[in-house]
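Enquirer: pasted the sequence and its predicted model underneath.
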Amino acid sequence: MQLTSSHQRRVVAAAIGAASVLLAWFAREPSGLLVAVTAVCICVGWKAGLVSVAAASLLAAVILLSPAYGAENGPVQLTAFVAGAFGLWLVVKIFRTISFYDRVYQDPGPNFTDIPGLGWSAYPDGRLRFLNPAALEYVGVTAEEIREIMNADDFSWWRRFVHADDVEPSMAQWRHSLKTGEPMIVEKRLRRFDGTYRWFRDTGIASRDERGRIVGWYGHIEDIDDRRKAEAALHQSERELRVLVDTVPTMIWLMTPAGLPYYFNKRFVDWAGIDSAKEEPRGTRQFASHVELFHPDDRAAVKAVFQKSFARGEPLQHKGRLCRKDGEYRWIDSRFEPLRDEDGTILRWYGVNFDIDDEARAQESLRLADERLARALRAASLSELSVSIAHELNQPLQAVVANAGAFQRWLDADPPNFDHASRVAQKIIRNADAAAQVISRIRALFSKTEGEPRAIDLNAVIREVCDLLGERLTSNSVKLDLHLDPRLPETAADHVQMEQVVLNLVRNSIEAMQDVSISERNLRIVSRRQNDGTVEIEVRDRGRGLTDLERIFEAFYTTKPDGMGMGLAICRSIVEAHYGRLWAENLEAGGASITISLPIRAGDTAKAPTSATASA
């Protein structure tokens, strides 16, 4: 018969003890009481066994010393009975203690001492039966103390070793496992021998016999304190990172390798009004639903460039209008970078959005202001050159008048001379065309719309400007020296803007030489082709030179008492809008040099800008 609980053992001990007492009483033979003492010592415990020895001795005294017994040597027999009962109790106690110690702690075998970490076992009713040496060493309990703990019938040892905050939860889980037979897995803090607590994962599994009955519990306690601390530190880092991502002043969002959005930081959610509670699970949100946030005019282009970038795995920068939660579309600068592993496989995409609407509007306002200033500067330049323009226009008009008179005389001759009249008519046509070209240039300079880019001859532009400023060159005693490359290739540009740039540079050079002697007033203009696929126009003067080579191109910077400081700034804007460069140098022999560099492009394929959109 297997007694699997303390209650069953006590019942059996009580039954055997009662039967022995009755048998000894009716048979008037106290030796039967030794059976009751033995049953109590074995089934209940050594303390209860000691009490049973005392009780049996009293009952034996009553039997042996009673007149009915009639024995003369009653005291001697009573002494022998007491000695035998006590000896029996002592033998049972020594046997139980030494047998348990030998079986468990002296020679436990590999099943116990070799358990990694802290190991334990318990009886089917949950009473502690065994702690391996590592567990004893950790909690600082000796073998003698563990014997007392194992003989206890309650779970007081639980409160002794487990943290006060973890006693009730872990105890409830243990009782649930005892009731249902399910494994126990609980995390709790255990007190170390020095009084410190560390986190452990306690796992207990029931051992069953062939009938499926629980015959014991075996458990393993794993130290997880360092791991819990690492996890807590990781969670804290994740919280700090999330706070950082949510508070950084930009909109951040994450996408799967296929480009499907699955995370938006708080700044993005608040800006766009995205309801994160209604977001689809990770990686299932359709990209089209995000594209709908863009302006209808930008959606097709945005979708195309995004899909192209995701397909190739290339970083992307794109500007478009995104709808804010109040319904206003604002310009956004979007940038995307892929995160790759060691093999180059894309793990996810990181995207940031910058609200550049205010900056874009400011740049547009500045561009419009630049255009107005450029037109104003052209008007101011024309007012100063009105005398030269009138002189140039007056010559073809006077020739027209003179040739018209000659034409009339040849027709009035008798007989009319039609040959001479025809030659004079051709002269009239050429003079009228020359006057029309002067008028066309003036209208182009005053027009709000810029000319279409086309293949132009920069040498011709230089000659036209020099012809236009011919009177001014003569009045200022400036010697003009042209070194123009006859094989200079054409370049696609706006004729009027290029004429304006050269006109401004030549006028500045003329004004820079007003303070030098007449003999040194030499203006040299050079055109040449470079090997890097560009053409250059250099304007040299023999003036005082430039004081600040960089600031002269800044808007509103001027060294002239009555200057606006916009001429060279607009010139640089025009040149850079044509993908060229404009720079200045001081010459060792005196004077300054300003050079224009423009790329060579075929006139039928080039797509030069139609206006100087760069900011001055």
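Expert: Received the coordinates, thanks. Bear in mind that the values here come from a model prediction, so they are computed numbers and not experimental data.

Enquirer: would you map out the domains in this structure?
Expert: 6-105, 112-228, 248-355, 368-448, 451-616 (automatic domain parsing).

Enquirer: which one of the ones you listed lies closest to Leu241?
Expert: domain 248-355 (10.5 Å; CB to CB). In short, each C-beta sits where N, CA and C put it, glycine included.

Enquirer: picking up where we left off before, including mean neighbour count, could the domains of the chain go into TSV?
Expert: Converted to TSV, those look like this (neighbours: other CB atoms under 10 Å):
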stretch	mean neighbour count
domain 6-105	17
domain 112-228	16
domain 248-355	15
domain 368-448	14
domain 451-616	17
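
Enquirer: turn these into TSV, columns for distance to Arg361 and mean pLDDT.
Expert: Formatted as TSV, those follow (distance: least, CB to CB, whole Å; pLDDT from 0 to 100):
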stretch	distance to Arg361	mean pLDDT
domain 6-105	85	67
domain 112-228	54	84
domain 248-355	8	77
domain 368-448	11	70
domain 451-616	13	79
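
Enquirer: right, and the ones you listed - which one's nearest Glu238?
Expert: domain 248-355 (13.1 Å).

Enquirer: host element of the closest residue to Thr534 other than its chain neighbours?
Expert: Closest residue to Thr534 apart from its sequence neighbours, by CB to CB, 6 or more residues apart in numbering: Ser597 at 5.0 Å. Taking DSSP states H and E as the definition, one finds Ser597 inside strand 592-599.

Enquirer: ok, Val215 next?
Expert: Assigned by DSSP H and E, Val215 belongs to strand 214-223.

Enquirer: kindly report the same for Leu366.
Expert: Going by DSSP H and E, Leu366 is in helix 357-384.

Enquirer: now for the strand holding Ser597, which elements pack on it?
Expert: With contacts taken as 3 or more CB pairs under 8 Å, 6 or more residues apart in numbering; DSSP states H and E, strand 592-599 sits against strand 491-493, helix 495-512, strand 534-540, helix 567-577, strand 581-586.

Enquirer: that strand pairs with which strands?
Expert: Sheet partners assigned to strand 592-599 using DSSP bridges are listed as strand 534-540 (antiparallel), strand 581-586 (antiparallel).

Enquirer: coming back round to it: what's the strand holding Val215 packed up against?
Expert: strand 118-122, strand 197-208.

Enquirer: the first one: partners in the sheet, and parallel or antiparallel?
Expert: Taking DSSP bridges as the criterion, strand 118-122 sits next to strand 128-131 (antiparallel), strand 214-223 (antiparallel) in its sheet.

Enquirer: and what of the last one?
Expert: Taking DSSP bridges as the criterion, strand 197-208 sits next to strand 184-191 (antiparallel), strand 214-223 (antiparallel) in its sheet.

Enquirer: report the separation between the closest residue in space to His495 that isn't next to it in sequence and Ala493.
Expert: The shortest distance from His495 to any non-neighbouring residue, by CB to CB, 6+ apart, is to Ile456 (5.1 Å). Going from Ile456 to Ala493 by CB to CB, to the nearest Å gives 6 Å.

Enquirer: great, nothing more from me.
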